[in-house]
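Undergrad: Provided below are the primary sequence and the corresponding predicted coordinates.
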Amino acid sequence: MINKSKYCFLILITLGLLLGLNFLVCAAEQLTADEIIDKVRENQMDYENSKTRAEMILIDEDGKQETREIIMFEKDEEDDKITMLMRFLSPKSVEGVTLLSIENGDKIYLYMPAYQKPRRIAGSSKQENFMGTDFSYEDLSMDYQNEEYEKELLKETEVQFVLEVIPDNEDTSYSKFVLYVNKKQFYVEKVEFYDLDEQLGKTLVIKEVKFDDEGKFTPMEMEMNDIIDKHQTQMNIKEIEYNLDLSDSFFTIRTLQRPRL
Amino acid sequence: MNSKYYPGILFLLSMMILLPMPGLAFDTSQTLVYESSYLLSQQRINHTLTLNIDYFQEISDDIFLEGNLLVRTSNKEYARPFMVGPNELYLSGYNVIDNLDLKIGKIITRWGAADLFSPLDNFNPMPPEISLGKKQDRLGALGISATYYLDYSTYLQGVLLPKLKVTPYPDEYLKDSYLANYGATLQGPGVDHVDLTYQEAENMVWGLRLTHSFPSFDASISYYRGYYMDPFPVSLSVSSGVNMEITLGYPAKQVLGLELQGEFHGLDGATLRVDLAYIIPQELEFQGETMLEEPYLQAVIGADYTTDSNLYLNGGFIYGLPFERGNESSLYFYLNANQEIDDSDFKPFFAGVLSLSDMSMVNNIGLDYQLTESVTATMSYSFLLGEEQSKLGQFKRSQGIYFTLEWLF
C-alpha cells in the first residue's frame, strides 16, 4: 500500500508534468509575427514560374459588371522578387494590352497594340490603377510578406492571426498592411492596405483557396475592394500551371509584342 | 447617297459577314468605324466607313503571319470613293536565330518615345490629314526589321526599306494647292492647270537604333538615312501660258536621334518622354528660294501623369512640327487630357497645341461615350484660335464637328 506522503508526491509530479506540458503547448502556439509569415511561406506553392488564366470582373458602385480575361506568367526571381507578364485576352477593347513588371515593379512596361510600341512607365507612377481595375501596378507586384518589412502580431482570434506589416521602401504608396492569416491552414485570408495618411484604402479578400496533396495552397478566387472609389475587382483563376519550360528571355521586353504567349 | 459608294459598302458588308465565320485558317478581330464630319471651311458633311481587320496565323511556335487589312469607303474631298488593301502584312519570327527577332513584309516601325509628332518616327508616313488624334496611325511599308538582343536590357534594331513609302497625298489636292500658291499670282493670269511628275527616291531607306534599359529610364540612340516622306517642289515650268508643270521630289535626309523615357528626379509620379533629332537635309532650292540647307534640330519633351482623380495628362513642348523644316521650326506647347469619371460611361477629353511664337492655338475638345462593352461613340469639336497665316493656320481647314462610332467585334 502506498503511504500518504508518497501519494502526495505522485500527485505533485503528475500535476507538474501536466502543467509543464501545458506550458510547452502554449509556448508552441504563441508564434511570433515572423514565424507566422514563415509558415505562410512554407505553405505557399514553391515554383520557378507559373502560368495563370483568369477572369477579372470589374464591378462599380451601381453593380455594373465588366468581365475581362487575362493570361499571366510569373517568375520567381532572386531575393523573393517577382517578375510578371500579363495580357488581356478579352474583351476586344483591351485585347492584346500587355504589362511587364520586372522584379516587383522596378521596371514596368506597357504594350498597347494601338501605339505599336512598348511604353515604359515610371516606377513612381506605380500607384496608378492598371487598366481600370482596382489593382495598381504596385499591387500586381506587391510582396507584402517581404522578409525585410517590420512585422507585428496585433491579435489572435480563434481562427485568425492578425499581423501588421510596415514596408520599409520609400517608394511604396502604402504606410502599412494588415494581414489576416488563417490559423489552421496558414494562408492569408485578407489584406488591408493603408495609404500614407494611415487611412484604409483597399482590401484584398481571398475567397477560395485550393490545397494540393502536400498542403500547399493556391488562391483561386479573390476580390480587391477600393474603399474610397467603392469599386471592386474580382479575380477568378480558371487554370494554373507551375514550372513551365520558359526561357529567361520570355520575361523581357521582347515578349510584349508576340501575338501569342 | 451617290451610287459610286455602293460597291464599297457591299464589299464591306460581305467581309463583315464572312470573317466571323468559324473554320477560317487565321484568327481575326475587326473594328468597324463610321466617321462623320462637318467642316466649317467646306460647309458640307463628310462620311467615311472603315473596316479594319487584324489577323494573325501561327505558322510555328515562333513564327507568325500577321497583318491588318483596311476596307474604306468615303465621300471626303480628294479621297478615293473606295479602297481596299493590307496596311500591314508580314512574317514575324521570334528567336529563329538565337537572340534575333525578325519582321519581313509590309511593316510599321515606330521609333521615338514621344506619343505625338516624334521627329524620330521616319519609316512610315502618316495619312495625309494631320490630326491631334490619340493614336497617330501610320501606313505600312515593305521592309525588314531585325532586333538583336545583346542581353536582357540592351538591344540593337536595324530597319531596311528597299523603297521609300511616301505620304499618299491625292494628286488633285496637290494640284489645287500648287495652283493656289504658284499659279495666277506668280506665273501669270492665264495659268489654270497643273501637271505633276514625281522624282522617285533612288536609294534604300535604313536605320539603326541601340536601346539600353537603365534602372530608372530607357535610352536609345539612333541613326536614320532616308528621305522626307512629304513631297517638295523641285522644278516648275509653264507651257502654252496656261499649263504649269511641277516636278515633285523627296529630298534625302539623315537623322541622328536620342530617346529617353522613364523616371527623372523632380518629376515624381510622371513618366518623362524625350525625343531629340539632329536632321541633316539634302540641299534644295526652288524658284530661287533655299528650302533646305543647314542641319537643324527638332525635339519633343513631354511627360505623362495621372492625378488622384483619374485625370490623365500628357503635356510638354514640341520644337518643330512635322510640316516645319529647317529654320521654320518653332516652339509649341501641347496638352492631352482625358478624364475618367467614376460610375460614368462618359469620358471628356481635350487636345491642344499652342504656338509660343505667335500664340495661335489648335484645340480639339470632345466626349467619348461607351455605349456597350464593344461600341464607343465620340463627338468632338476642333477649332483654331489664330489667323490662317499663323504657325498653326493649316489646321483651319480641319475646323469643324466630328462624330465617330466604333464597333469592335
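TA: Yes, it's here.
Undergrad: for the rest of this, base every contact and every neighbour count on C-alpha atoms.
TA: Will do.
Undergrad: how far does stretch B:111-127 stretch from start to finish?
TA: End-to-end span of stretch B:111-127 (C-alpha to C-alpha, to the nearest Å): 17 Å.
Undergrad: how about that stretch: buried residues?
TA: Neighbour counts over stretch B:111-127 (16 or more other C-alpha atoms under 10 Å in any protein chain shown) mark B:111-126 as buried.
Undergrad: repeat that for stretch B:256-275.
TA: Buried residues in stretch B:256-275 (16+ other C-alpha under 10 Å): B:256-264, B:269-275.
Undergrad: same check, this time on stretch A:111-124
TA: Going by neighbour count (16+ other C-alpha under 10 Å), the buried part of stretch A:111-124 is A:111-112, A:116-124.
Undergrad: ok, the closest residue to chain A within chain B to B:Asp121 distance?
TA: Scanning chain B for the residue nearest chain A gives B:Gly269, at 4.2 Å (criterion: C-alpha to the nearest C-alpha). As judged by C-alpha to C-alpha, B:Gly269 and B:Asp121 stand 26 Å apart.
Undergrad: low-scoring stretches of the chain, by residue?
TA: Unless you meant another one, I'm taking chain A. A:1-29, A:124-125, A:141-145, A:169-171 (pLDDT under 70).
Undergrad: please refer instead to chain B.
TA: Using pLDDT under 70, chain B drops low at B:1-26, B:130-136, B:183-189.
Undergrad: and it, which residues reach chain A?
TA: Within chain B, the residues that sit near chain A (C-alpha under 8 Å from any C-alpha of the partner chain) are B:29, B:56, B:64, B:94, B:109-110, B:113, B:135, B:152, B:215-218, B:261-263, B:268-272, B:305-306, B:342-343, B:373-374, B:408-409.
Undergrad: would you agree the residue of chain B closest to chain A is in contact with B:Asp308?
TA: No. Contact criterion C-alpha atoms under 8 Å: B:Gly269 and B:Asp308 do not qualify, at 10.6 Å.
Undergrad: quick check, B:Asp176 in a helix?
TA: Yes. Using DSSP: H, G, I helix; E, B strand; the rest coil, the assignment for B:Asp176 is a helix.
Undergrad: so what's it up against?
TA: By C-alpha atoms under 8 Å, 6 or more residues apart in numbering or on different chains, the contact set of B:Asp176 is empty.
Undergrad: same thing with A:Pro219?
TA: Contacts of A:Pro219 (C-alpha under 8 Å, 6+ apart): A:206-210, A:237.
Undergrad: all helices for chain A, in order.
TA: In chain A, the segments counted as helices under DSSP state H are A:4-29, A:33-43, A:137-140.
Undergrad: chain B versus A:Thr157, what's the distance?
TA: 36 Å (C-alpha to the nearest C-alpha, to the nearest Å).
Undergrad: ok, B:Ser380 - how many residues close by?
TA: Neighbours of B:Ser380 under the rule other C-alpha atoms under 10 Å in any protein chain shown: 19.
Undergrad: list the contacts for the residue nearest in space to the middle of chain B?
TA: Residue closest to the mean C-alpha point of chain B, counted by C-alpha atoms, centre = their mean, is B:Met126 at 2.7 Å. B:Met126 makes contact with B:136-139, B:167, according to C-alpha under 8 Å, 6+ apart.
Undergrad: and those, which are buried?
TA: Among the contacts of B:Met126, those buried by neighbour count (16+ other C-alpha under 10 Å) are B:137-139, B:167.
Undergrad: pretty sure B:Ile291 sits against B:Pro251.
TA: One thing to correct before we go on: residue B:291 is Met, not Ile. No. B:Met291 lies out of contact with B:Pro251 (C-alpha under 8 Å); the separation is 10.3 Å.
Undergrad: find the residues that touch each one of the two.
TA: What both B:Met291 and B:Pro251 touch, as defined by C-alpha under 8 Å, 6+ apart, is the set B:283-284.
Undergrad: looking at those two, which one has more neighbours?
TA: Neighbour tally, B:Met291 and B:Pro251, criterion other C-alpha under 10 Å: the higher count belongs to B:Pro251, 22 against 19.
Undergrad: got a list of what the more buried one touches?
TA: Neighbouring residues of B:Pro251 by C-alpha under 8 Å, 6+ apart: B:201, B:227-228, B:232, B:281-284.
Undergrad: most neighbours, which of these?
TA: Highest count within those by other C-alpha under 10 Å belongs to B:Tyr227, 27 neighbours.
Undergrad: if you skip the residues just before and after it, what's nearest to that one?
TA: B:Ala252 (4.1 Å; C-alpha to C-alpha, 6 or more residues apart in numbering or on different chains).
Undergrad: then B:Ser329?
TA: Spatial nearest neighbour of B:Ser329, excluding adjacent residues (C-alpha to C-alpha, 6+ apart): B:Gly320 at 4.2 Å.
Undergrad: which among the buried residues of stretch B:256-275 gets closest to A:Ile227?
TA: Of all those, B:Gly269 has the smallest distance to A:Ile227: 22.1 Å, by C-alpha to C-alpha.
Undergrad: if I look at that closest one, how far off is A:Thr98?
TA: Counting by C-alpha to C-alpha, the gap from B:Gly269 to A:Thr98 is 21 Å.
Undergrad: one more: A:Lys51?
TA: 15 Å.
Undergrad: from the chain's centroid, how far away is stretch A:33-45?
TA: Relative to the mean C-alpha coordinate of its chain, stretch A:33-45 is positioned 12 Å out (C-alpha atoms, centre = their mean, to the nearest Å).
Undergrad: who touches it?
TA: With C-alpha under 8 Å, 6+ apart as the test, stretch A:33-45 has contacts from A:145, A:151-153, A:163, A:186-188, A:215-218.
Undergrad: please apply the same query to stretch B:337-346.
TA: Residues from elsewhere that reach stretch B:337-346, judged by C-alpha under 8 Å, 6+ apart: A:60-62, A:229, B:309-314, B:347-351, B:367-371.
Undergrad: mind doing that once more with 10 Å?
TA: For stretch B:337-346, the surrounding residues in contact (C-alpha atoms under 10 Å, 6 or more residues apart in numbering or on different chains) are A:59-64, A:132, A:229-231, B:304-307, B:309-315, B:347-352, B:365-372, B:376-378.
Undergrad: list the residues that contact A:Glu208.
TA: Counting by C-alpha under 10 Å, 6+ apart, A:Glu208 makes contact with A:189, A:218-222, A:236-237.
Undergrad: same check on B:Lys163?
TA: Contact partners of B:Lys163, counting by C-alpha under 10 Å, 6+ apart, are B:141-143, B:200-206, B:226.
Undergrad: which among those end up buried?
TA: Buried, going by 16+ other C-alpha under 10 Å: B:141-143, B:201, B:205-206, B:226, out of the contacts of B:Lys163.
Undergrad: what about residue 101, neighbour count?
TA: Chain wasn't specified; assuming chain A. For A:Ser101, using other C-alpha under 10 Å, the count is 25.
Undergrad: you answered for a different chain; I wanted chain B.
TA: By the criterion of other C-alpha under 10 Å, B:Asp101 has 20 neighbours.
Undergrad: A helix includes B:Glu172, no?
TA: Yes. Checked against three-state DSSP, B:Glu172 lies within a helix.
Undergrad: and residue 37, how many neighbours?
TA: Chain wasn't specified; assuming chain A. For A:Ile37, the neighbour count with other C-alpha under 10 Å is 22.
Undergrad: my bad, chain B
TA: Neighbours around B:Ser37, by other C-alpha under 10 Å: 21.
Undergrad: over to A:Glu158?
TA: Around A:Glu158 there are 8 other residues, counting by other C-alpha under 10 Å.
Undergrad: touching, it and A:Tyr180? I think so.
TA: No. Applying C-alpha atoms under 10 Å as the test, A:Glu158 and A:Tyr180 come out as separate, 12.0 Å apart.
Undergrad: for A:Arg87, give me its contacts.
TA: Listed by C-alpha under 10 Å, 6+ apart, the contact set of A:Arg87 reads A:53, A:69-73, A:94-100, A:110-111, A:256, A:260-261.
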